[in-house]
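[1] build me a model:
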Amino acid sequence: MILRTKSDANGSGALALALALVGGAAARVIGRLRRWVSPGHPVAPAAHGVLIVNPRSGDGKAERAGLVRECRARGIEALLLEPGQDLTKMAEAAVASGADVIGMAGGDGSLGLVADVAARHGLAMVVVPAGTRNHLAMDLGLDRGDVLGALDAFGEAVERSIDLGEVNGRVFVNNVSLGLYAQIIRSPEYRTAKADTTLSMLPGLLGPGSRPFDLRFAGPGGELHNGAHVVQISNNPYGRTPATLIRRPRLDGGRLGVIALRLPEDPAAARRLVIDAAGHPERIPGSLAWETTVFEVDSGRPIEAGIDGEALDLAAPLRFAIRPGALRIRLPARAVRISPVARALQNLRNLLRKGPGRRKLPWPCVGIRGTESDRIFDG
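    Numbers count the residues shown, from 1 in each chain. Model prediction:
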């Protein structure tokens, strides 16, 4: 998007007026968002707050932010997760040592494990966005770029309850993907180049002779489906409107969201559909989307699954359930809660402050791109 100026005074005046109007609207929207108070009930500061930190998550995001040092300054006990260490046992030990609030700084897969421990012990949990995508943090309204700001939840904060998903006894906070994308996320390159890896692997996965995965389940009307290319089960459904497609409008609805699709037999047509959908199976013609409280997927072999972005093999059948209000979440009293659209407006306002001399607007002012819209079945 380019703002074009005219050489005559009338054209310059009209441009200046338009810029002022847009800038004023952006300022009003951002001002309202910054006054937003996180939903929930007020709670006192943690007496013994513990934060488990995965220093390797997010390509060292926690270390770059100085997270451990900041924890010490705030009186929060920081525990480093070492390679090969059992995260669940580590969280259990923190609870046994007297933690009254437990947090996790890492990816969504790690958050799910700690959430399970916190829920079983009735403890409140703090989410620190130190992973790569941090989709749970986004859906909670946290600023994913402010790692240290999330620590405010250990102080005077607000608390609310959210649901947890469960598959064969394992908790997930975002979603479980079966089929096509469950295979793609097993690639070592997927962590650093998700879109490129997805596109490079599609020809082989959808080449001549490729068949739907052995995934058997009942659809929304009870009809039996024998084979699918993708089945995704989420902890509360993703939105259906353009503004909510990449996020869940709520986390306390007490429902699983299910999306399933079977691609056409022509490999080229199937590849085009998957690429055009950009990681959103609900956009593909013929896909099914519905809500439920329980769901089951069977197969004649172990099922490859991506649970909150982590690749696992699970014994069939897979039994999914929702655990309403199972987890107490603490949030900073004033979470930033700036949406991708509001962030684009903020960028625009900052640009306008520099005057109309600069002609090109940065990409966030044109649309929502990058990590805000890259939900490729990774939680």
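
[2] what about the helices in this structure?
    Applying DSSP state H to the chain gives helices spanning 9-34, 61-65, 67-74, 87-96, 108-121, 135-140, 180-184, 194-205, 267-277, 340-352.

[3] of those helices, which shows the lowest average pLDDT?
    Lowest mean pLDDT within the helices of the chain: helix 194-205, a mean of 44.

[4] biggest strand in the chain by residues?
    When the chain is parsed with DSSP state E, its longest strand is strand 318-332.

[5] now it: mean pLDDT?
    98.

[6] partners of it in the sheet?
    Using DSSP bridges, strand 318-332 pairs in its sheet with strand 124-128 (parallel), strand 157-167 (antiparallel), strand 294-297 (antiparallel).

[7] now do that strand and helix 108-121, the angle between them.
    90 degrees (axes from the mean of the first three to the mean of the last three CA atoms, to 10 degrees).

[8] got the contact list for Ala65?
    130, 147-148 (CB atoms under 8 Å, 6 or more residues apart in numbering). All C-beta atoms are positioned from the backbone trio N, CA, C, and that covers glycine.

[9] by neighbour count, which of those residues wins?
    In terms of neighbour count, Ala130 stands highest of those at 28 neighbours, by other CB atoms under 10 Å.

[10] surely that one is in contact with Glu63?
    No - with contact defined as CB atoms under 8 Å, Ala130 does not reach Glu63; the gap is 9.2 Å.

[11] can you give me the strands in the stretch 151-300 of the chain?
    Counting by DSSP state E, counting those that start in this stretch, the segments of the stretch 151-300 of the chain that form strands are 157-167, 170-172, 175-179, 213-218, 224-228, 230-235, 256-261, 288-292, 294-297.

[12] so of those, which one's packed in deepest?
    strand 175-179 (a mean of 28; mean count of other CB atoms under 10 Å).

[13] quick one, it and strand 256-261 angle?
    Going by the same axes, to 10 degrees, strand 175-179 makes 20 degrees with strand 256-261.

[14] mind giving me the packing neighbours of strand 175-179?
    strand 157-167, strand 213-218, strand 230-235, strand 303-307, strand 318-332 (3 or more CB pairs under 8 Å, 6 or more residues apart in numbering; DSSP states H and E).

[15] need those strands in TSV with distance to Gly75, can you?
    Shown next, in TSV, are the helices and strands packed on strand 175-179 (distance: least, CB to CB, whole Å):
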stretch	distance to Gly75
strand 157-167	15
strand 213-218	49
strand 230-235	32
strand 303-307	34
strand 318-332	16
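
[16] quick one: closest of these to Arg56.
    Taking CB to CB, strand 303-307 is the member of the helices and strands packed on strand 175-179 nearest to Arg56, at 18.7 Å.

[17] same for the closest one, what does it pack against?
    Strand 303-307 packs on strand 175-179, helix 180-184, strand 310-314, going by 3+ CB pairs under 8 Å, 6+ apart.

[18] now these in JSON lines, with distance to Gly58?
    JSON lines is the format used below for the helices and strands packed on strand 303-307 (distance: least, CB to CB, whole Å):
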{"stretch": "strand 175-179", "distance to Gly58": "19"}
{"stretch": "helix 180-184", "distance to Gly58": "20"}
{"stretch": "strand 310-314", "distance to Gly58": "15"}
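
[19] nearest to Gly257, of those?
    Nearest of these (CB to CB): strand 175-179, 7.9 Å.

[20] my guess is Arg211 contacts Gly227. True?
    Yes - Arg211 is within contact range of Gly227, at 7.3 Å (criterion: CB under 8 Å).

[21] returning to that earlier point: quick one, which of the helices and strands packed on strand 175-179 is nearest to Ala115?
    strand 318-332 (5.3 Å).

[22] got the CA coordinates for the closest one in CSV?
    The C-alpha trace of strand 318-332 is given here as CSV (Å, rounded to 0.1, in the frame of the first residue of the first chain):
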residue,chain,number,x,y,z
LEU,A,318,-8.1,-41.8,20.6
ARG,A,319,-10.8,-40.6,23.1
PHE,A,320,-11.1,-36.8,23.3
ALA,A,321,-12.9,-34.9,26.0
ILE,A,322,-13.3,-31.4,27.3
ARG,A,323,-12.6,-30.5,31.0
PRO,A,324,-14.7,-27.4,31.6
GLY,A,325,-13.1,-24.8,33.9
ALA,A,326,-10.3,-27.2,34.9
LEU,A,327,-7.5,-24.6,35.0
ARG,A,328,-7.1,-21.4,37.0
ILE,A,329,-5.2,-18.9,35.0
ARG,A,330,-3.6,-15.7,36.5
LEU,A,331,-3.2,-12.7,34.2
PRO,A,332,-1.6,-9.3,34.6
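
[23] can you say which of the strands of the stretch 151-300 of the chain is nearest to Ile52?
    Comparing the strands of the stretch 151-300 of the chain by CB to CB, strand 170-172 comes nearest, at 15.6 Å.

[24] list of residues touching that closest one?
    By CB under 8 Å, 6+ apart, strand 170-172 touches 112-113, 115-116, 119, 164-166, 235, 307-308, 323, 379.

[25] now stretch 65-73: buried residues?
    By neighbour count with 16 or more other CB atoms under 10 Å, stretch 65-73 contains the buried residues 65, 67-68, 70-71.

[26] using JSON lines, lay out these together with distance to Ala124.
    Output for the buried residues of stretch 65-73, formatted as JSON lines (distance: CB to CB, whole Å):
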{"residue": "Ala65", "distance to Ala124": "22"}
{"residue": "Leu67", "distance to Ala124": "19"}
{"residue": "Val68", "distance to Ala124": "21"}
{"residue": "Glu70", "distance to Ala124": "20"}
{"residue": "Cys71", "distance to Ala124": "17"}
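
[27] nothing else from me, thank you.
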